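Asker: Need coordinates for the below:
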Amino acid sequence: MLLQAIHKTPAGELFLVSDEHILLAAGFQSHQDLISRMDKTDNKREFKKVKQIPIISDLIEDYFMGDLTALGGIKVRQPGPEFSQDAWKAMRKIPAGKTWSYADLAERAGSPSAVRAAGTACAKNLIAPIIPCHRVIKSGGALGNYGYGLKIKEYLLRHEGALE
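Answerer: You can find the predicted model right below:
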């Protein structure tokens, strides 16, 4: 049985879906949005709404209370091609308060020429902000896109100290 919770944050409601202590989806839109993009075997499972998901909700709360390293303690799993998996692993290594360009991400994911694929991995990331695609920006310093809107991306980057 998968767990569903909504975590109230200063950036808005964060919708969560987990398989016990492994986060399968997180985002600022809705459970429907997340479930529709999850692995087909997972989104057919039974769901149970809960107020909090043990460990995961606490770590998310710690992050928003100022422990910027807390999200690193959350175990995650999402479907995707090999390069996306490499890009998501690389994103988790971007320190809070820092940003990488899409080119930096492509290089750190093992394919320096795959800048567009790095952007696609960000766009298809199902576990935001835990896999911190918000820390990936354009080479010139512009914020670029964010699936949940630039206001949330800006909030997260300010919260982490990457923006003044």
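
Asker: C-alpha only now, for contacts and for neighbours.
Answerer: Noted.

Asker: element containing S18, please.
Answerer: Using DSSP states H and E, S18 sits in strand 12-19.

Asker: What is the subsequent helix or strand relative to that strand?
Answerer: Assigned by DSSP H and E, the successor of strand 12-19 is strand 22-27.

Asker: how distant is that next one from the center of its chain?
Answerer: Here the centre of strand 22-27 is set off from its chain's centre by 8 Å, with Cα atoms, centre = their mean, to the nearest Å.

Asker: Can you tell me what sits against it?
Answerer: With contact meaning Cα atoms under 8 Å, 6 or more residues apart in numbering, strand 22-27 is reached by 14-18, 34-35, 38, 56, 74-78, 126-130, 148.

Asker: Cross-reference the residues you listed with the helices and report the matches.
Answerer: L34, I35, I56 (DSSP state H).

Asker: In terms of residue numbering, what are the domains of the protein?
Answerer: 2-75, 80-159 (automatic domain parsing).

Asker: Now do the end-to-end distance for the shortest one.
Answerer: Read that as domain 2-75. Start-to-end span of domain 2-75 (Cα to Cα, to the nearest Å) is 15 Å.

Asker: pLDDT of that domain, averaged?
Answerer: Throughout domain 2-75, pLDDT has a mean value of 96.

Asker: ok, L105 touching A117?
Answerer: No - the pair L105 / A117 is not scored as a contact, 9.7 Å apart, by Cα atoms under 8 Å.

Asker: Compare the two and say which is more crowded by neighbours.
Answerer: When L105 and A117 are compared for neighbours, L105 comes out ahead with 29 against 18, by other Cα atoms under 10 Å.

Asker: Now do the contacts for the residue nearest to the spatial centre of the chain.
Answerer: For the chain, A128 is the residue whose C-alpha lies nearest the centre (Cα atoms, centre = their mean; 1.9 Å). Contacts for A128 (Cα under 8 Å, 6+ apart) come out as A25, A26, G27, H134.

Asker: and with 10 Å instead?
Answerer: L14, F15, L16, A25, A26, G27, F28, C122, H134, Y146, G147, Y148 (Cα atoms under 10 Å, 6 or more residues apart in numbering).

Asker: ditto for P81
Answerer: With Cα under 10 Å, 6+ apart, P81 has these contacts: A121.

Asker: Need phi/psi at the nearest residue to Y63 once chain neighbours are set aside.
Answerer: Spatial nearest neighbour of Y63, chain neighbours left out: A70 (5.3 Å); criterion: Cα to Cα, 6 or more residues apart in numbering. Backbone geometry at A70, expressed as degrees, to the nearest 10, gives phi -60, psi -40.
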